[in-house]
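**Student:** predicted structure and sequence below. I'll ask about it afterward.
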Amino acid sequence: MKSVFIMTLVCLFLFLSHTISAQSHIVTGRVNAAGNNDMLPGVTVQIKGGAQGTITGTDGAYRIQVPSGNTILVFSFVGYLSQEVPVNNRTAIDVLLQADSRNLDQVVVTAMGIRKEKRALGYAVQDVSGADITESRQPNVVNALQGKVAGVQISSTGGAPGQGSRIIIRGINSLDPTRNNQPLFVVDGITIDNDSYTTGGAETRGMSNRAADINPDDIESVSVLKGGAATALYGLRAASGAVIITTKSGKAGRLRVNFTTSAGFDRVGKTPDVQNKYSQGNNGEYDNQSFWPSWGPTVEDARKLDPTHPAELYDNYKQAYNTGSQFRNSLSMSGGTEKAVYAASLSQFNQNGIIPFSNYKNYSARVNGDLRFSEKIRMGVSLNYINSGGNHANFDRYGEQIIYWSPRWNLRDYIKPDGTQQTYGATDNPMYTLYSNRFEDNVNRLIGNVNITYSPFKWLDILYRAGTDFYTDARTHAAPGFKGIAGEVVSTDNGYGFVDEYSLNQRSLSSTLILNFKNNINSRLTSDLKLGHDLYDKKIKRVSTEGDTLDVPDLLIMQNAKKVVASQYLENYYLVGLFGDWTLSWDRWLYLTLSGRTDISSTLPENNRAFFYPSVSLAYVFTEHLKIPEHILSYGKLRASWARVGKDATPYNTGSGYIPLADGPIDNTVIGWTRADRLGDVSLKPEFTNTLEVGTELRFWNNRIGVDFAWYTSKSTDLLIPVKLSSATGYEDYYTNAGSIRNRGIELSLNGTLIKSKQFQWDMRINYSTNKNEVLSIGKGLQEVVVGDQFGYAGSTATMKYLPGYPVGAIFGTSYLRYYPAGQSDNGVDIDYSRPIQIAQSGSQAGFPMINSAQKYLGNSQPRWMGSISNSFSYGPLSFSFLIDTRQGVKKYNQLANFMAAFGESAFTANRFDQVTFPGVYADGTPNTQKVYLQQAEGPDGRNYGAGYYRNVYRGVTENFVENASWVRLRNVSFSYQLPPDLLSRTHLITAASITLTGNNLLLHTDYTGFDPESSSNYAGSNVDAFAGFTYPATRSFLASLNVTF
């Protein structure tokens, strides 16, 4: 009986197995991350409505048995949007999972490389994914962040190949114009240099900021830490915020290779409007050798006098610029096992600029690996080598010489057969100056780090990290000399020839030890305590060798120089830090974090080198606490923080020393020494900034809509300023603590998925921010501190000053004289624009506006508010995105407009023979009724107008050239197509491929009359951003890219 029962069960089992197998089949496939095609291990693959499921392996592969019929597979993974895929009797299904930008349990990288849940943070942190970084194909990672982070002001100083960019977070907090107000840059836990050195007169040559060395294709994510509480653990180096870059690391699985190639072209984005009616000469008289390019007669009249005169004037701004090009290739590979993973990459970038003879190249190689020796010991190693540099045109000088060059002559005809410049009169040909006067740099850089984590107990992790950032920057500036050939015009810039060589060596070492104590005090209260020690050692060596007056004009070597002067500069900087960070969490809805750091700096006096700064933050996830229904308010958090952060002095300002004479030994035998121009302060103390921040994070309708809001206020005191001294003291300035400043603002970030279906998705993000800063004090006895100035003709020079009660970006200069009735007057600084302009009633300027030579406040170069809106659409394999950003309430001094008006080239100067009556009043308040001519020399009324209105009056008023530099631009457009997986599977080699078309800086709306209003006349690291004259024009870029994964 028992054997019959067993036999019956066996037969029943075999029958059911046959029946089930006949009604089901196996589905296999791989799961990858959309955007970068990374393999995703651990993804849950489940049959919808059933309990059967599996997870993907280390290579992202899965295998699951599914029943026949209308089966749907659900793919889900932490940090990614779940995806439902109908089987439809298929046996192979590959899936791309989209990252969930609204993931509530998102882990972000914070100060010191510490990873924390975003819900636990009591301060604002904004992340940008690697896919968002590479979307625009920008070669500079800083530019790739433009418009993507609220409260961050990024300005590309121009469109030169490799040109540096400036990044400011929540306003300027130091008054010293030479101080770096940019954030700290950290790559994989190691601080790196982001300076833009201007050694050897490179201020106007578009030198790179060193963060541009990082290959954007290597970046996994970027975290921007904004407030004091977010950066306090980094100490004084991050007093202006921090940009935390995490590079791509290896993932377990088979070897995976990715190749990306991009090619495109650049065109000049915006040029000034010029008049094309009047030719070369002065006072309306034609002279084809005249220094004055456009004050002559009309083209028609000039051709009657000169048969060789072209029928139309050349457009210098069309002649001056080429179509640039850029090419990038990136190759990466990764793989490994559960015990060891690796990643490596090679990249090559070449760019030819729109200004002739300017170019840039960047070659990099990177390798990193992570080893798991055991459950307790892990190790990571990373090494990155970069070679970059190129030929940097002096765009400031080029732009100025274009003004002087008459459009009667062809700019492109710049060189004679004998090699000398083709020119007229004594005017230098701008193109010849570019051709002959070269400035080249070659940077070799090595960034490396190693980190070891030892976890002896579940409650303790010990992390040690060491890294280095070392680079050499070799620069050569050379030009041939005067040859003495008949008819040769000596080049003003080249003179008798020179060879200058500059060498910069910079090495920084960092060492960090962190002890992390984790403890679950009870089922609801947890503790996370981190104690650390930080060392930073930086050494700089600069050597310059300048050779002047070449013996053989074309032999550009140092031995050919008749006079050689050498100099050397050494700088050592050392910083020791002790820090702690303690987070208490109650039931995952209340987080309290206390932190503190003590720094000991080598740049401060011995008795005042150590200083402490604390911070505290609180995060309250009220939706978790109050159990609010998720379909209405999915997530809600309130946060608040207070922090005190510091900043030390620049090296060697606590005393005054002696330096060698700049011209070298006296009579080549005696070494001469002179006292330094700066008087040091033996009682220097650090700058301090106190910051208060409150904010909220909200998610609505099952996380479809997200809001992140922050309000902050900060006050910086004891700011270090170089104070000008009387020449009677024997010093030029005195470096001391003498100022304070306040910044206040709000930041708002909105994001949402507006439409989501099986085939179509529309995502939108909006960023908005304001920052209002004010100089509160500048030290006893000081009325103002001049930060910088830019020349303008006839007394119209603009000045950027610090003045209590005014913003950091305050611009001052001359203005039109306003009329005030008897007994009334202005406050001496501000202009009442409602007042009528006063007109001269008699004298040589009768009938023309009068000029007030006193320095008046003309505007603020800092934006009143900034905003951006980005949209991305995906439909099956197609995706389309665009980004629009804006900066409003900005003023800038346009030196280009000043020069163009002075030389009769601006479009509006074409009315030079008009008769006008200027609106305004006389000194007694009666309206002006005099009619005057704008022309030069004698007018139809018999009056001699001398140099004319534009040279006598207009060019001498700074107010005319402080322009509204607000703008709205279409920053980026991208269209991408993912090739069908079925097509690629036939290759048995390619697993994913996409084609992308990208456009950058395509449209610009602005009232600014110069080049791009975002550009600056100063280098990327300068705090002086009020001037934009002869800048390197910004470009419109068009690129095509191919991305293939094997």
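**Tutor:** In hand now; what should we look at?
**Student:** how about stretch 984-995: buried residues?
**Tutor:** The neighbour-count check on stretch 984-995 (16 or more other CB atoms under 10 Å) flags Leu984, Ile990, Thr991, Ala992, Ala993, Ser994 as buried. From N, CA and C alone the C-beta is placed, and that goes for glycine too.
**Student:** please enumerate the helices of the stretch 801-950 of the chain.
**Tutor:** Listed in chain order, the helices of the stretch 801-950 of the chain (DSSP state H, counting those that start in this stretch) span 895-902, 949-952.
**Student:** for the shortest one, give me every contacting residue.
**Tutor:** Spelled out, that is helix 949-952. Helix 949-952 is contacted from outside by 793-794, 845, 848, 901-902, 904, 909, 912, 932, 934-936, 945-946, using CB atoms under 8 Å, 6 or more residues apart in numbering.
**Student:** of those, which pair is most distant in space?
**Tutor:** The span of these, defined through CB to CB, is set by Tyr793 and Val932 at 20.6 Å.
**Student:** who's more crowded, those two?
**Tutor:** Val932 (22 against 17; other CB atoms under 10 Å).
**Student:** chain center to stretch 74-92, what's the gap?
**Tutor:** When distances are taken as CA atoms, centre = their mean, to the nearest Å, stretch 74-92 is centred 39 Å away from the chain's centroid.
**Student:** mind listing the strands for the stretch 101-250 of the chain?
**Tutor:** Secondary structure of the stretch 101-250 of the chain (DSSP state E, counting those that start in this stretch): strands located at 107-109, 115-117, 125-129, 152-156, 165-169, 184-187, 190-192, 219-225, 242-247.
**Student:** what's the domain layout of this protein?
**Tutor:** As given by automatic domain parsing, the domain ranges for the chain are 2-97, 109-269+322-394+437-777+863-890+968-1045, 785-808+810-860+893-964.
**Student:** pull out the buried residues from the contacts of helix 949-952.
**Tutor:** Among the contacts of helix 949-952, the ones that count as buried by 16+ other CB under 10 Å are 793-794, 845, 848, 901-902, 904, 909, 912, 932, 934-936, 945.
**Student:** low-confidence ranges in the chain?
**Tutor:** For the chain, the stretches with pLDDT under 70 are 1-23, 35-37, 51, 58-59, 78-79, 100-105, 664.
**Student:** related to what we said a few turns ago, would a markdown table of the buried residues of stretch 984-995 with secondary structure and distance to Glu963 be doable?
**Tutor:** Compiled in a markdown table, the buried residues of stretch 984-995 are given as follows (DSSP: H, G, I helix; E, B strand; the rest coil; distance: CB to CB, whole Å):
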| residue | secondary structure | distance to Glu963 |
| --- | --- | --- |
| Leu984 | helix | 53 |
| Ile990 | coil | 52 |
| Thr991 | coil | 53 |
| Ala992 | strand | 48 |
| Ala993 | strand | 47 |
| Ser994 | strand | 42 |
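**Student:** from those, pick the one nearest Asn1023.
**Tutor:** Asn1023 lies nearest to Ser994 out of the buried residues of stretch 984-995, by CB to CB, at 41.4 Å.
**Student:** surely that closest one and Ser974 touch.
**Tutor:** No. Taking contacts as CB atoms under 8 Å, Ser994 lies outside contact range of Ser974: 11.0 Å.
**Student:** do a quick rundown of the helices in the stretch 551-700 of the chain.
**Tutor:** Ranges of helices in the stretch 551-700 of the chain, per DSSP H, counting those that start in this stretch, are 622-626.
**Student:** which residues touch the residue lying closest to Leu556 once chain neighbours are set aside?
**Tutor:** Using CB to CB, 6 or more residues apart in numbering and skipping residues adjacent in sequence, the residue nearest Leu556 is Ala478, 4.3 Å away. Each residue near Ala478 by CB under 8 Å, 6+ apart is listed here: Arg438, Phe498, Val499, Asp500, Leu556.
**Student:** so what strands line up beside the helix or strand hosting Ala478?
**Tutor:** Ala478 belongs to strand 460-479 when assigned by DSSP states H and E. Sheet pairing of strand 460-479 (DSSP bridges) gives strand 438-457 (antiparallel), strand 498-520 (antiparallel).
**Student:** now do the buried residues in that strand.
**Tutor:** 461, 463, 465-471, 473, 475-479.
**Student:** want to throw the domains of the chain into CSV with distance to Glu300?
**Tutor:** Output for the domains of the chain, formatted as CSV (distance: least, CB to CB, whole Å):
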stretch, distance to Glu300
domain 2-97, 60
domain 109-269+322-394+437-777+863-890+968-1045, 27
domain 785-808+810-860+893-964, 14
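**Student:** closest one to Gln422 among those domains?
**Tutor:** domain 109-269+322-394+437-777+863-890+968-1045 (9.2 Å).
**Student:** ok, Gln138 touching Ile154?
**Tutor:** No. Using CB under 8 Å, Gln138 makes no contact with Ile154, being 10.7 Å away.
**Student:** give me the contact list for stretch 879-890.
**Tutor:** Contacts for stretch 879-890 (CB under 8 Å, 6+ apart): 135-136, 146-148, 153, 860-874, 964-978, 1013-1014.
**Student:** show me where the stretch 701-850 of the chain has strands.
**Tutor:** Counting by DSSP E, counting those that start in this stretch, the strands of the stretch 701-850 of the chain are 705-724, 733-756, 760-777, 785-790, 798-802, 810-816.
**Student:** CSV for those, including mean neighbour count and distance to Leu698?
**Tutor:** Below are the strands of the stretch 701-850 of the chain laid out as CSV (neighbours: other CB atoms under 10 Å; distance: least, CB to CB, whole Å):
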stretch, mean neighbour count, distance to Leu698
strand 705-724, 20, 4
strand 733-756, 19, 10
strand 760-777, 18, 14
strand 785-790, 19, 41
strand 798-802, 23, 39
strand 810-816, 24, 37
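**Student:** for stretch 835-850, buried residues please.
**Tutor:** Across stretch 835-850, burial judged by 16+ other CB under 10 Å covers Arg835, Pro836, Ile837, Gln838, Ile839, Ala840, Gln841, Gln845, Gly847, Phe848, Pro849, Met850.
**Student:** and stretch 164-175, by the same measure?
**Tutor:** Gly164, Ser165, Arg166, Ile167, Ile168, Ile169, Arg170, Gly171, Ile172, Asn173, Ser174, Leu175.
**Student:** now swap in stretch 883-895 and tell me
**Tutor:** Residues of stretch 883-895 classed as buried: Leu883, Ile884, Asp885, Thr886, Arg887, Val890, Lys891, Lys892, Tyr893, Asn894, Gln895 (neighbour count, 16+ other CB under 10 Å).
**Student:** for the second one, name its beta-bridge partners.
**Tutor:** With DSSP bridges applied, Ile884 shows beta-bridge pairing to Ile869, Leu970.
**Student:** report how many residues lie close to the nearest residue to Thr337 once chain neighbours are set aside.
**Tutor:** Nearest-residue entry for Thr337: Ala252, 5.7 Å, with adjacent residues in sequence omitted and distances by CB to CB, 6+ apart. Using other CB under 10 Å, Ala252 has 19 other residues around it.
**Student:** give me phi/psi at Ala252?
**Tutor:** The phi/psi pair for Ala252 (degrees, to the nearest 10) reads phi -60, psi 150.
**Student:** pretty sure it sits against Val341.
**Tutor:** Yes. With contact taken as CB under 8 Å, Ala252 and Val341 are classed as touching, separated by 5.6 Å.
**Student:** between the two, which contacts overlap?
**Tutor:** Common neighbours of Ala252 and Val341, counting by CB under 8 Å, 6+ apart, are Gly335.
**Student:** follow-up on the earlier one: mind giving me CSV with the strands paired with strand 460-479 and columns for distance to Gly657 and mean neighbour count?
**Tutor:** As requested, the strands paired with strand 460-479 are exported to CSV (distance: least, CB to CB, whole Å; neighbours: other CB atoms under 10 Å):
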stretch, distance to Gly657, mean neighbour count
strand 438-457, 30, 17
strand 498-520, 22, 18
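**Student:** may I see these organised as a markdown table, with distance to Leu725 added?
**Tutor:** Listed next are those as a markdown table, based on distance: least, CB to CB, whole Å:
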| stretch | distance to Leu725 |
| --- | --- |
| strand 438-457 | 34 |
| strand 498-520 | 30 |
